[in-house]
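Undergrad: Structure of the sequence below:
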Amino acid sequence: MKKILMIGTGGTIASQVTENGLAPELTSAQLLAHIPAISDICEVESLQLLNLDSTNIAPAHWLEMVRCIREHYEAYDGFVLTHGTDTMAYTAAALSYLIQKSPKPIVFTGAQKPIGFDVTDSKINLTDAFRTASSDLPGVSLVFNGKVILGTRAQKIRSKSFEAFSSINYPFLGVLRDGVLLRYLHEDCAGGPIFYDQLNTKVGLLKLIPGTEQALLDYLLERCDALMIESFGVGGLPDYEGSDFCDSVCRWTARGKLVVLTTQVQNEGSDLGIYHVGHRLKGVPGVLEAFDMTTEAVTAKLMWILGQTRDMVEIQRLFYTPVAHDILWPAEC
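TA: Okay, here's the model as predicted:
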């Protein structure tokens with residue numbers, strides 16, 4: 001029987017009703033008391049690392065999770081992390097970069113309703129997570145509503161419904177049906193695990209709307225080492241009368257800043273070469289394109305890369321090198 005470590009970080013799954021709304025208060029041990037049948041699946045030990053609403057999860061907490069897993073890695077066959085849903089996709093992506101090529105499962109789960117509610121998705125999600133952690137599925141994944149999603153491809157798409165997450169531009173790794181994990185894809189994680197412990201959090205995001213002022217772009221690039229720009233459609237920057245976003249980007253990248261162009265559209269990714277508003281940015285030093293990556297993955301990957309190097313050639317190499325199937329170049333489609 002596999003030995004699994006459950007690491008609690010808070011979230012809705014561990015929340016109780018307070019006079020100020022739901023707040024995470026239950027410990028990992030208290031969560032386990034709600035699902036005694038887990039003992040038929042695996043041997044579980046629990047550890048309470050954090051007890052936070054996931055809105056309050058920050059990159060420093062990602063590093064705490066990594067340290068915790070690293071310290072206990074040899075003693076367990078897999079790991080289940082309970083986490084709030086709102087930023088779970090960011091955390092799953094972050095740990096995909098901070099713990100690479102793990103042959104052991106590292107599984108995130110949570111719930112849209114607390115485990116103490118009469119109607120809740122907590123118990124099934126938690127049970128499914130333990131089934132997945134007890135399998136031979138390597139690397140970081142997110143288990144929710146019967147789906148197994150790669151850590152770099154998860155995105156929250158519904159704020160209240162039980163089917164809260166989707167896999168963006170990548171197939172589900174598997175599904176759980178009637179207590180059985182049905183694997184669709186089989187991963188190879190030879191040579192791991194590889195742990196990292198450095199992040200650069202000076203990464204920002206600008207989501208364009210019609211009429212966005214160029215001064216806002218300059219403001220963010222002045223304060224960030226890297227800036228993602230969520231543009232429209234396949235990607236590009238506006239050129240309003242009296243302003244030139246491309247000029248701002250070129251000025252700041254010449255000073256060592258990094259800009260990543262991505263899209264607000266959930267599926268199919270960016271392609272800057274199609275329209276003039278994007279084509280003029282291709283080949284500009286310091287400007288990268290996210291292609292089919294999620295915003296969550298780009299955020300975490302930039303923090304990880306900038307924590308390792310500031311050399312622009314190496315940054316570009318690392319950004320376009322796939323980690324846990326996070327990016328697929330158009331030429332590879």
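Undergrad: Do a quick rundown of the helices in the stretch 51-200 of the chain.
TA: With DSSP state H, counting those that start in this stretch, the ranges of helices along the stretch 51-200 of the chain come out as 59-72, 88-98, 122-133.
Undergrad: most tightly surrounded among those?
TA: helix 88-98 (a mean of 28; mean count of other C-beta atoms under 10 Å). Using the backbone N, CA and C atoms, a C-beta is placed for each residue, glycine as well.
Undergrad: returning to what we had before: same list, the helices of the stretch 51-200 of the chain, but as TSV with distance to Asn169 and mean pLDDT please.
TA: Formatted as TSV, the helices of the stretch 51-200 of the chain follow (distance: least, C-beta to C-beta, whole Å; pLDDT from 0 to 100):
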stretch	distance to Asn169	mean pLDDT
helix 59-72	23	98
helix 88-98	13	98
helix 122-133	22	98
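Undergrad: Of the ones you listed, give the one that comes closest to Ser231.
TA: Proximity to Ser231, assessed across these by C-beta to C-beta, is greatest for helix 88-98 (20.5 Å).
Undergrad: Helix 59-72 and the closest one, what's the angle between them?
TA: 50 degrees (axes from the mean of the first three to the mean of the last three C-alpha atoms, to 10 degrees).
Undergrad: counting contacts, what elements does helix 88-98 pack onto?
TA: Applying 3 or more C-beta pairs under 8 Å, 6 or more residues apart in numbering; DSSP states H and E, one finds that helix 88-98 contacts helix 59-72, strand 105-109, strand 139-144, strand 154-156, helix 295-306.
Undergrad: Tabulate those (CSV), appending distance to Ser39.
TA: Compiled in CSV, these are given as follows (distance: least, C-beta to C-beta, whole Å):
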stretch, distance to Ser39
helix 59-72, 20
strand 105-109, 18
strand 139-144, 19
strand 154-156, 29
helix 295-306, 34
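Undergrad: between those, which one is nearest to Leu258?
TA: helix 295-306 (7.3 Å).
Undergrad: And that closest one, what does it pack against?
TA: helix 88-98, strand 154-156, strand 203-207, strand 226-231, strand 258-263, helix 312-320.
Undergrad: Other residues contacting the fifth one?
TA: It refers to strand 258-263. Strand 258-263 has contacts (C-beta atoms under 8 Å, 6 or more residues apart in numbering) with 221, 225-237, 249, 252-253, 269-270, 272, 278, 281, 286-290, 293, 295, 298, 302, 306, 312, 315, 319.
Undergrad: what are the phi and psi values for Thr9?
TA: phi -130, psi 0 (degrees, to the nearest 10).
Undergrad: So the spatially closest residue to it that is not a sequence neighbour: helix, strand or coil?
TA: In space, and not counting its chain neighbours, Thr9 is closest to Leu50: 4.2 Å by C-beta to C-beta, 6 or more residues apart in numbering. What DSSP: H, G, I helix; E, B strand; the rest coil gives for Leu50 is strand.
Undergrad: Please report how far the closest residue to Leu185 other than its chain neighbours lies from His186.
TA: Nearest residue to Leu185, sequence neighbours excluded (C-beta to C-beta, 6+ apart): Leu173, at 5.2 Å. Here the distance between Leu173 and His186 works out to 9 Å (C-beta to C-beta, to the nearest Å).
Undergrad: So between these two, which is more surrounded?
TA: Set Leu173 next to His186 and count neighbours by other C-beta atoms under 10 Å: Leu173 wins out with 25 against 10.
Undergrad: which residues touch the more buried one?
TA: By C-beta under 8 Å, 6+ apart, the residues touching Leu173 are Leu137, Ser141, Val148, Ile149, Leu150, Arg183, Tyr184, Leu185, Glu187.
Undergrad: any chance of the helices and strands packed on helix 295-306 in TSV, with distance to Ala75 too?
TA: What follows is the helices and strands packed on helix 295-306, written out as TSV (distance: least, C-beta to C-beta, whole Å):
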stretch	distance to Ala75
helix 88-98	18
strand 154-156	27
strand 203-207	34
strand 226-231	37
strand 258-263	38
helix 312-320	31
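Undergrad: Deepest-packed of those, please.
TA: When those are scored by mean count of other C-beta under 10 Å, the highest mean neighbour count falls to helix 88-98 (a mean of 28).
Undergrad: picking up where we left off before, would you confirm that the residue nearest to Thr9 contacts Gly10?
TA: Yes. Counting by C-beta atoms under 8 Å, Gly10 is a contact partner of Leu50 at 5.6 Å.
Undergrad: Please identify which of these two sits among more neighbours.
TA: Using other C-beta under 10 Å, the more surrounded residue of Leu50 and Gly10 is Gly10, with 26 against 20.
Undergrad: Tell me what the more buried one is bridged to.
TA: Taking DSSP bridges as the rule, Gly10 bridges to Leu52.
Undergrad: PyMOL command for the buried members of the contacts of Leu173?
TA: For the buried members of those, the matching PyMOL selection, counting by 16 or more other C-beta atoms under 10 Å, is:
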select buried, resi 137+141+148+149+150+187
